[in-house]
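Enquirer: Quick one, fold the following:
(chains A and B)
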Protein chains: 2
Amino acid sequence: MERIAVETGLLDANDAIAARNRDRLERARTLVVNLLSGPGAGKTALLEALLPRLTPRLRVAVIEGDLATTLDADRIAALGIPAHQITTGTLCHLEADQVERALDALGDVPRDLLFVENVGNLVCPANFDLGERLRVAVLSTPEGDDKPRKYPVLFHGADAVAITKTDLLPHLDVTLDGLVHAVRRVNAHAPIFPVSARTGAGIDALGEWIEARRREAFG
Amino acid sequence: MERIAVETGLLDANDAIAARNRDRLERARTLVVNLLSGPGAGKTALLEALLPRLTPRLRVAVIEGDLATTLDADRIAALGIPAHQITTGTLCHLEADQVERALDALGDVPRDLLFVENVGNLVCPANFDLGERLRVAVLSTPEGDDKPRKYPVLFHGADAVAITKTDLLPHLDVTLDGLVHAVRRVNAHAPIFPVSARTGAGIDALGEWIEARRREAFG
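Expert: Coordinates of the predicted model:
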């Protein structure tokens, strides 16, 4: 019981800071996208493919979450896009206070779009609101079509699902139909974007969806 | 600080039960292998390829950990091997008390070998001793060669590392050398087994290593 009480208290405290982040970012007219997936599903590679398509029209920044390295922020910074790395140590997810400090570190420069790449983990990040407007779940084809059922909270709560590494499908025992069907079992309405960061397939459609969400939110 | 105190208390309580599990299983001359990886790295597929090679000589059982489904235990049971599914709900890892109850459920039938397939997660399971003698970390080739550096605790603490899905290497931007080198950066000594559950490559070598560890432990 003590454990549950403490965890509930932590979530309440997190939600209060998340609300503050959301208010700050909505006032700044920044659309925030929280990217969630297991390790190695290709979140950073997806950003590397997606961001150059968005930066001609939108001012973009990225907050990266990782346990122990700055590898991902380095990859984004190499594109000339402002990136801030949060290293969580042993923490299995990002929390709103870490994002708040990252926002301070990035400075209050006007941004149209902010991606927050969460720690690679299909469990814990789903429980922590960071102040985002959209959650995009990323599922890579080699992970298999049982993942949405096995990690239902994360996929159920997603506003969109990107199915990455579609270029590997000819070499796998899963099909795109099987993966889409698996997502649909736990999430009836979120748009699903099959993409390959390697070939570029499907990246434009995902980018257009994100741009449309921003126009919807802030005109 | 309260959070740290509670987490330390939880870990202490877990370790006490893990010690009890270890004592019980060592007395039963059961070698326990805790399998750890991210989601979709192929732990269950590895067991499906490995177990039929071991069951002619060893009595084997499997405890499966998952948030929400019995899919994995069903796959193991389909091989005629005793399997017990722990569903953790929202918990991101297995804990020793869950394994203790699973041992009760499996019954005190003599077993030479017990695999515990942890929740797919490269962070949380590393912190929870279950009473195992060996930890085997599983890294699938499509996850990329940055994972050992990004999740160092789990790979550093492994007694062996299985690199799965080697059949996909021709279609990926990583090499086996790169993956082995990445593991070596955080773990200097653990044997590394490149395997493909699909083709069977490398499975015998991993099985022989596990059998040798059992002979070493219990004669």
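
Enquirer: going forward, measure contacts between C-alpha atoms and count neighbours the same way
Expert: Noted.

Enquirer: Do a quick rundown of the helices in chain A.
Expert: For chain A, the helices defined by DSSP state H occupy A:2-27, A:43-54, A:71-77, A:96-106, A:147-150, A:152-156, A:176-186, A:203-218.

Enquirer: Which strands or helices does the longest one pack on?
Expert: Yep, that's helix A:2-27 we're talking about. helix A:96-106 (3 or more Cα pairs under 8 Å, 6 or more residues apart in numbering or on different chains; DSSP states H and E).

Enquirer: between the helix it packs on and helix A:2-27, how many degrees?
Expert: 30 degrees (axes from the mean of the first three to the mean of the last three Cα atoms, to 10 degrees).

Enquirer: Could you check helix A:96-106 against chain B for contacts?
Expert: No: applying Cα under 8 Å from any Cα of the partner chain, one finds helix A:96-106 separated from chain B by no less than 15.2 Å.

Enquirer: do stretch A:122-129 as well
Expert: Yes: against chain B, stretch A:122-129 shows contacts by Cα under 8 Å from any Cα at A:122-124.

Enquirer: Just name the most buried of the helices of chain A.
Expert: Per residue and on average, the most neighbours among the helices of chain A fall to helix A:152-156, with a mean of 24 (mean count of other Cα atoms under 10 Å in any protein chain shown).

Enquirer: With just CA atoms, put stretch A:77-95 into CSV.
Expert: C-alpha atoms of stretch A:77-95 as CSV (Å, rounded to 0.1, in the frame of the first residue of the first chain):
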residue,chain,number,x,y,z
ALA,A,77,22.5,18.3,-33.5
ALA,A,78,24.4,17.0,-36.5
LEU,A,79,21.4,18.0,-38.6
GLY,A,80,21.7,21.6,-37.4
ILE,A,81,18.6,21.2,-35.2
PRO,A,82,18.6,22.4,-31.6
ALA,A,83,18.7,19.3,-29.3
HIS,A,84,19.0,18.8,-25.6
GLN,A,85,19.9,15.5,-24.1
ILE,A,86,18.4,14.4,-20.8
THR,A,87,20.3,11.5,-19.2
THR,A,88,18.1,9.7,-16.8
GLY,A,89,20.7,7.5,-15.1
THR,A,90,18.7,4.5,-14.0
LEU,A,91,15.2,6.0,-14.6
CYS,A,92,13.2,4.0,-17.2
HIS,A,93,11.2,7.0,-18.5
LEU,A,94,11.1,10.7,-18.8
GLU,A,95,9.3,12.8,-16.2
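
Enquirer: Can you list the low-confidence ranges for chain A?
Expert: Filtered on pLDDT under 70, chain A yields the residue ranges A:1-7.

Enquirer: where's the residue most central in space within it relative to chain B, distance?
Expert: Nearest to the geometric centre of chain A sits A:Leu35, at 0.5 Å (Cα atoms, centre = their mean). Taking Cα to the nearest Cα, to the nearest Å as the measure, A:Leu35 falls 16 Å from chain B.

Enquirer: now that residue, which residues is it bridged with?
Expert: Judged by DSSP bridges, the bridge partners of A:Leu35 are A:Glu117, A:Val136.

Enquirer: Just the ones in strands from the residues of stretch A:122-129 next to chain B, please.
Expert: Using DSSP state E, no member of the residues of stretch A:122-129 next to chain B falls in strands.

Enquirer: Output the residues you listed in CSV, with neighbour count appended to each entry.
Expert: Output for these, formatted as CSV (neighbours: other Cα atoms under 10 Å in any protein chain shown):
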residue, neighbour count
A:Leu122, 30
A:Val123, 27
A:Cys124, 22
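
Enquirer: Dump these to JSON lines, plus distance to A:Leu169.
Expert: Converted to JSON lines, those look like this (distance: Cα to Cα, whole Å):
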{"residue": "A:Leu122", "distance to A:Leu169": "21"}
{"residue": "A:Val123", "distance to A:Leu169": "25"}
{"residue": "A:Cys124", "distance to A:Leu169": "28"}
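
Enquirer: about what we covered before: quick one: which of the helices of chain A is nearest B:Ala201?
Expert: helix A:147-150 (25.1 Å; Cα to Cα).

Enquirer: Can you tell me what sits against that closest one?
Expert: Residues from elsewhere that reach helix A:147-150, judged by Cα atoms under 8 Å, 6 or more residues apart in numbering or on different chains: A:154-155, A:182-183, A:185-186, B:39-40, B:66-69.

Enquirer: which of the residues you listed lies closest to A:Leu54?
Expert: Distances from A:Leu54 to the contacts of helix A:147-150, taken by Cα to Cα, are shortest for A:Phe155, at 25.1 Å.

Enquirer: Am I right that A:His93 is in contact with A:Cys124?
Expert: Yes: under the criterion of Cα atoms under 8 Å, A:His93 makes contact with A:Cys124 at 5.7 Å.

Enquirer: now the contacts of helix A:147-150 in TSV, with distance to B:His171?
Expert: What follows is the contacts of helix A:147-150, written out as TSV (distance: Cα to Cα, whole Å):
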residue	distance to B:His171
A:Leu154	29
A:Phe155	27
A:Ala182	25
A:Val183	25
A:Arg185	30
A:Val186	30
B:Pro39	20
B:Gly40	18
B:Asp66	30
B:Leu67	31
B:Ala68	32
B:Thr69	31
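
Enquirer: Among these, which one lies nearest to A:Phe193?
Expert: The closest of the contacts of helix A:147-150, once distances to A:Phe193 are taken by Cα to Cα, is A:Val183, at 11.2 Å.

Enquirer: A:Ala126 and A:Thr44: what is the separation?
Expert: 18 Å (Cα to Cα, to the nearest Å).

Enquirer: same check, this time on A:Ala182
Expert: 24 Å.

Enquirer: In space, what's closest to A:Ala102 - neighbours in sequence excluded?
Expert: A:His84 (6.5 Å; Cα to Cα, 6 or more residues apart in numbering or on different chains).

Enquirer: Identify all residues paired with the one you found through a beta bridge.
Expert: Beta-bridge partners of A:His84, as defined by DSSP bridges: A:Ile63.

Enquirer: who's in contact with it?
Expert: Shown in contact with A:His84 (Cα under 8 Å, 6+ apart): A:62-64, A:73, A:102, A:105-106.

Enquirer: can you list the residues of chain A near chain B?
Expert: A:3, A:6, A:38-42, A:66-69, A:90-92, A:121-124, A:142-144, A:147, A:149-152, A:168, A:171.

Enquirer: what's the burial count for A:Gly107?
Expert: By other Cα atoms under 10 Å in any protein chain shown, 9 other residues sit near A:Gly107.
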